[in-house]
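Asker: the following comprises the amino acid sequence and a computationally predicted model.
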Amino acid sequence: QVQLVESGGGLVQAGGSLRLSCKVSGRTFSIYTIGWFRQAPGKEREFVAGMAWSGGFIGDPMKGRGSISRIDAENTVLMQMHNLIPEDTAVYYCAAMLEDKRTAVWEKEYPYWGQGTQVTVSS
């Protein structure tokens, strides 16, 4: 089994930054692709960024404003978000798949999910 725990969400003013953390436990960390998704009220869940063993990839909502990295020793993936806008307000989830895939942008590809962390951006 794979367990994922997100942290780092909170309330931030527009233009601010946040760093979200996803800690993974269970199966061997190095074989995962970790994806970050978000879901705003009344909207579908959308891909934000991912970290495969072969490298990171950023989705359209955070291109030019976000970055992703991993700390293997801590089984943790970090997503840094800058220049946040109110439209970034959502619950942010990390998810895991047991494959190295830098094109994994669909939520149905990820069988394991965390509980989510709320990000609220005030105007």
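Answerer: That came through, no problem.

Asker: OK, contacts around the residue most central in space within the chain?
Answerer: Centroid check for the chain by CA atoms, centre = their mean gives Trp36 as the closest residue, at 2.3 Å. Each residue near Trp36 by CB atoms under 8 Å, 6 or more residues apart in numbering is listed here: 20, 22, 47-50, 68, 77, 79, 92-95. Placement of C-beta: from N, CA and C, glycine included.

Asker: which among these gets closest to Val2?
Answerer: Distances from Val2 to the contacts of Trp36, taken as CB to CB, are shortest for Ala95 (9.5 Å).

Asker: for that closest one, give its distance to Gln39.
Answerer: According to CB to CB, to the nearest Å, Ala95 stands 12 Å off from Gln39.

Asker: those two - which one has more neighbours?
Answerer: Shown here are Ala95 and Gln39; by other CB atoms under 10 Å, Ala95 has more neighbours (25 against 15).

Asker: the more buried one against Val105, yeah?
Answerer: No - using CB atoms under 8 Å, Ala95 and Val105 do not qualify as a contacting pair, with a distance of 11.1 Å.

Asker: report pLDDT for the nearest residue to Gln13 once chain neighbours are set aside.
Answerer: Distances taken as CB to CB, 6 or more residues apart in numbering place Ser122 nearest to Gln13, at 5.4 Å, with adjacent residues excluded. Per-residue confidence (pLDDT) for Ser122: 97.

Asker: burial count for Ser122?
Answerer: There are 11 residues near Ser122, going by other CB under 10 Å.

Asker: try Ala90
Answerer: Under the criterion other CB under 10 Å, the count of neighbours that Ala90 has is 23.

Asker: residues contacting it?
Answerer: Arg38, Gln39, Ala40, Lys43, Gln118, Val119.

Asker: pLDDT below threshold where in the chain?
Answerer: Applying pLDDT under 70 to the chain flags residues 28-31.

Asker: shared neighbours of Ala95 and Val105, which are they?
Answerer: Looking at what touches both Ala95 and Val105 (by CB under 8 Å, 6+ apart), the common residues are Gly35.
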